[in-house]
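>>> output the structure for:
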Amino acid sequence: MRTITAGLAAGIMLAGLAVAQDVPAHKGYLKPGTVDIMSVLPAGPVAGDARYDADRAIFKATRRYAGSPRWEMATKDVSWKDADMLAGFSCALGATVTPKDVPRILALVHKAGDDTQRETNIAKKANKRSRPFLIDAGEICQPAKELADSYDYPSGHTTGGWTWALVLADVAPGRASQIMARGRAYGESRIVCGAHNSSAVEAGRLSATVTMTSVRATTAYQRDLKKAQAEFKALKKPAPDAALCEAERGLVSLNIFAPAP
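Numbers count the residues shown, from 1 in each chain. Modelled structure (predicted):
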């Protein structure tokens, strides 16, 4: 658990503002410019508007999760590694799989993710919003130095997690409800962690959804999806640990915005 002091926060903010955020080169399904994300996303909250005040209140209130099982989940959700993402969605999928088991699914997620992250990065650079722990002191679940060179709004982790959820739901539509619930919780982990404001998480989901609407309409995505679905169907899929999945369901269903008891 890490508490950010005002002095350290100021230094991190200056460092973060000094580092440029480059938009990734085109590798995805869409040509750059296909989606006009700035015309869809609302502007990031600024001091004086109601969303700004709500974000601050939510950040302060959710520091109470530090050290809890939900905090532990948020900490695990920090990792972008394929193995960790697959493990995080294993209960939702109803299957334990490793990266070597699902190369076609991973290729689908990665290529779609290039599109969704490109749009989110455009919005991040335009809004230049500071992360919550740079505004109010509070514990966060990952090292501040990992967050210092990027902005808050929209949340890139949420965009990535929601992209994973949307793609996996396409691959395994029979598990769509469980997968999308885990994707929602993945974004909420960024709030629990203290890495992002609530508005940034909402914007990350919206950014991914808007971009994926265009991605899903491409012939190339539909072609690759059929291959990924066949790969998943052919897998021998051992079920994940039932007790662990039951515990995860409780955390996924937890209302992190509820008042403290």
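
>>> which SSE is immediately downstream of the worst-scoring helix or strand of the chain on mean pLDDT?
In the chain, the helix or strand scored least confidently by mean pLDDT, DSSP states H and E is helix 6-18, which has a mean of 35. Using DSSP states H and E, the helix or strand that follows helix 6-18 in sequence is helix 50-61.

>>> other SSEs contacting that next one?
helix 198-216 (3 or more CB pairs under 8 Å, 6 or more residues apart in numbering; DSSP states H and E). Placement of C-beta: from N, CA and C, glycine included.

>>> now do the buried residues in the helix it packs on.
Residues of helix 198-216 classed as buried by neighbour count (16 or more other CB atoms under 10 Å): 198-208, 210-212, 215.

>>> same thing with stretch 157-173?
If you call a residue buried by 16+ other CB under 10 Å, then stretch 157-173 has these buried ones: 157-172.

>>> which ones among those lie within helices?
With DSSP state H as the criterion, helices contain 157-171 from among the buried residues of stretch 157-173.

>>> closest to Asp49 out of those residues?
Thr158 (20.8 Å; CB to CB).

>>> got the contact list for stretch 63-71?
1, 74, 138-139, 141, 192-194, 247, 251, 254, 256, 260 (CB atoms under 8 Å, 6 or more residues apart in numbering).

>>> in these, find the pair that's most separated.
Gly138 and Ala247 (25.9 Å).

>>> for those two, indicate the residue with more neighbours.
Gly138 (17 against 14; other CB atoms under 10 Å).

>>> what's the closest non-adjacent residue to that one?
With CB to CB, 6 or more residues apart in numbering as the criterion, Gly138 has its nearest non-adjacent residue at 4.6 Å, and that residue is Arg63.

>>> can you point out the buried residues in stretch 171-184?
Applying 16+ other CB under 10 Å to stretch 171-184 flags Val171, Ala172, Arg175, Ala176, Gln178, Ile179, Met180, Arg182, Gly183, Arg184 as buried.

>>> contacts only, for the last one.
In this structure, Arg184 makes contact with Ala165, Arg205, Val252, judged by CB under 8 Å, 6+ apart.

>>> then the second one?
By CB under 8 Å, 6+ apart, the contact set of Ala172 is Leu93, Ile179, Gln229, Phe232.

>>> got a quick PyMOL command for the buried subset of these?
The following PyMOL line selects those of these that are buried, judged by 16+ other CB under 10 Å:
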select buried, resi 93+179+229+232
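
>>> and the two most separated of the contacts of Ala172?
Ile179 and Gln229, at 13.7 Å, using CB to CB across the contacts of Ala172.

>>> rewinding a little: could you dump the contacts of stretch 63-71 into TSV with secondary structure, distance to Arg223 and pLDDT added?
Putting the contacts of stretch 63-71 into TSV (DSSP: H, G, I helix; E, B strand; the rest coil; distance: CB to CB, whole Å; pLDDT from 0 to 100) gives the following:
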residue	secondary structure	distance to Arg223	pLDDT
Met1	coil	46	44
Ala74	helix	36	98
Gly138	coil	46	96
Glu139	strand	46	97
Cys141	coil	39	98
Val192	helix	38	98
Cys193	helix	37	98
Gly194	coil	41	98
Ala247	helix	38	98
Leu251	helix	36	98
Leu254	coil	39	98
Ile256	coil	39	98
Ala260	coil	50	88
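
>>> now the buried members of these.
Counted by 16+ other CB under 10 Å, the contacts of stretch 63-71 give Ala74, Gly138, Glu139, Cys141, Val192, Cys193, Gly194, Leu251, Leu254, Ile256 as buried.

>>> quick check: the last one vs Ala165, distance?
As judged by CB to CB, to the nearest Å, Ile256 and Ala165 stand 17 Å apart.
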